[in-house]
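S.K.: need a 3D model of the sequence below.
(chains A and B)
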Amino acid sequence: MLTRRIIPCFDVDQGRVVKGVSFVELRDAGDPVELAAQYDSQGADELVFLDITASSDARTSVYDMIRSTADQVFIPLTVGGGVRTPQDVRLMLESGADKVSINTAAIQRPELIEEGAKGFGSQCIVVAVDAKRVGPEKWEVFIHGGRTPTGIDAVQWAREATERGAGELLVTSMDTDGHQDGYDLGLLRAISDSVEVPIIASGGAGTPEHLYDAFTEGGADAVLAASIFHFGKYDIPTLKQYLADRGIPIRPVETGTETPVS
Amino acid sequence: MDVVIVDYGAGNLRSVARAVAHAGVEAKVSARPEDVVGAKALIVPGVGAAEDTMSNLRNAGLVEPILEYIASDRPFLGVCMGQQALFDYSEEGGRHDCLGVLPGKITRFPSGMTVPHMGWNTVRMRVEHPVFEGVPDDSFFYFVHSYHPAPSDDSVVLGETDYDGVTFPSVVGRGNVIATQFHPEKSSRWGLQLYANFLRLAKERGSIAPEGVGAR
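M.R.: Numbering: from 1, shown residues only, chains lettered A, B, ... in the order given. Purely as a prediction, here's the structure:
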């Protein structure tokens, strides 16, 4: 049975993880490779790195970071932040990302989704939708990290993005993000009912029950979470056990390592 | 040992090379027909669409070398599109002829399901296969695909996976050919174990086939 995914998200600045982690014993909490390996061993189903590097000179640092992480960690890696062109997508994938998340650039030039899907396959094109509630059952897409309203309906845009070739949607509620009060379940349900592709819920996870609600009421296929891990409140094995106990299909945490070739 | 990963521009080429490197084996990543024909173990990766995969293989002049390699009964591993390409044809985006190594077609999941089938799912082996040595039955592997094999000969199905009421072949093969719908190079511990097993068998006995079947 296909299991629901738990995906930790890290903010990366100049090749270093800046949104820290306190529950794992790390020599260097900013080292993406060590962090990724730890999360892999804890049962993370995928990892998302969000590049927030402001200076364009330092942007290439993200490629080195992906490369060294992918050399040692063998679970799917998604990278987002600052992806503007098919060439950006190519560089991310060639560095070792399995999926690339596109946000602002997809709104500004929706053809980028088609170009990415045609060139590299839908499976690696994630469209990130940042949405803000503007009515009882109505959400508007925002871009530029949530600073700029677009006037575009989020459910409409989600549908268009998948028609253009997005293989997955990363749906973030700007209303709930950072509050740890739970995901916007109405937004998740409205989008999951409207598209065929998997959706990743993002924004607002504070307790294990919030993840459960995102899967059941929200219809999400995966949950992205940052604060719930970074502030050390819960670790992945605890969350997975909680969800499994409540009947959500979950990949159990593996222990040990593979045996070598010879 | 000449382990060759066929380079025809597949998106997961490097991930596969990394998993092989993790097993302590240095593979040759090559688009040269003579490297393919001369390999001791051949791996064909792949993601994306069937049509593009086949036209890339044709344009690179790799179809005949791959068929020649497989015909010579040496260890072969196909991953995702590298697996789908083994069948007679794919229905993805119209009918596209594939390599015809395994009988049957590649077909889409029924509409109404969440597609792609994306994430971690279990594989139930039908046979005891040396490449799965040490891997518990019903272990989890990472999938991402919208199409799956529909073999016309049931004997090529080595393992199966259930998704939302549909059971599809997730490991196929015959003799020295094994191919997975999932991505072992993205499947953490057990995926790495498959690469390690494949490479060890190829090195030690020049065959990955179950004992007595096609081994030499």
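
S.K.: write out the residues of the stretch 101-250 of chain A neighbouring chain B.
M.R.: Residues of the stretch 101-250 of chain A lying close to chain B by Cβ under 8 Å from any Cβ of the partner chain are A:120-124, A:167-168, A:196-198, A:221-222. Where you see a C-beta, it was placed from the backbone N, CA and C, and this is true even at glycine.

S.K.: quick one: low-confidence parts of chain B?
M.R.: B:212-216 (pLDDT under 70).

S.K.: can we see that at 80?
M.R.: For chain B, residues meeting the criterion pLDDT under 80 lie at B:1, B:9-11, B:211-216.

S.K.: roughly how far apart are the nearest residue to residue A:121 once chain neighbours are set aside and residue B:8?
M.R.: Excluding the flanking residues, the one nearest residue A:121 by Cβ to Cβ, 6 or more residues apart in numbering or on different chains is residue B:48, at 3.5 Å. Per Cβ to Cβ, to the nearest Å, residue B:48 is found 11 Å from residue B:8.

S.K.: show me the helices in the stretch 101-250 of chain A, by range?
M.R.: With DSSP state H, counting those that start in this stretch as the criterion, the stretch 101-250 of chain A has helices at A:104-108, A:111-120, A:154-163, A:185-192, A:208-216, A:227-230, A:236-245.

S.K.: mean pLDDT lowest where, among those?
M.R.: Lowest mean pLDDT within the helices of the stretch 101-250 of chain A: helix A:227-230, at a mean of 78.

S.K.: export that one as PDB, just CAs?
M.R.: Taking C-alpha atoms only, helix A:227-230 is exported to PDB below (Å, rounded to 0.1, in the frame of the first residue of the first chain):
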ATOM      1  CA  SER A 227       9.100  24.100  12.900                       C
ATOM      2  CA  ILE A 228       7.700  20.900  14.300                       C
ATOM      3  CA  PHE A 229      11.100  19.300  13.800                       C
ATOM      4  CA  HIS A 230      13.400  22.300  14.100                       C
END
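
S.K.: give me the residue at the spatial middle of chain B.
M.R.: By Cα atoms, centre = their mean, the mean C-alpha position of chain B lies nearest to residue B:78, the distance being 2.1 Å.

S.K.: the helix or strand where that residue lies close to chain A?
M.R.: Here residue B:78 sits within strand B:76-79, counting by DSSP states H and E. No. On the criterion Cβ under 8 Å from any Cβ, strand B:76-79 is out of touch with chain A, staying 13.0 Å away.

S.K.: next one: that strand to chain centre, how far?
M.R.: Relative to the mean C-alpha coordinate of its chain, strand B:76-79 is positioned 3 Å out (Cα atoms, centre = their mean, to the nearest Å).

S.K.: which ones are touching the closest residue to residue A:175 other than its chain neighbours?
M.R.: Distance criterion Cβ to Cβ, 6+ apart; nearest residue to residue A:175, sequence neighbours excluded, is residue A:133 at 5.2 Å. By Cβ atoms under 8 Å, 6 or more residues apart in numbering or on different chains, the residues touching residue A:133 are A:139, A:173, A:175, A:184, A:186-187.
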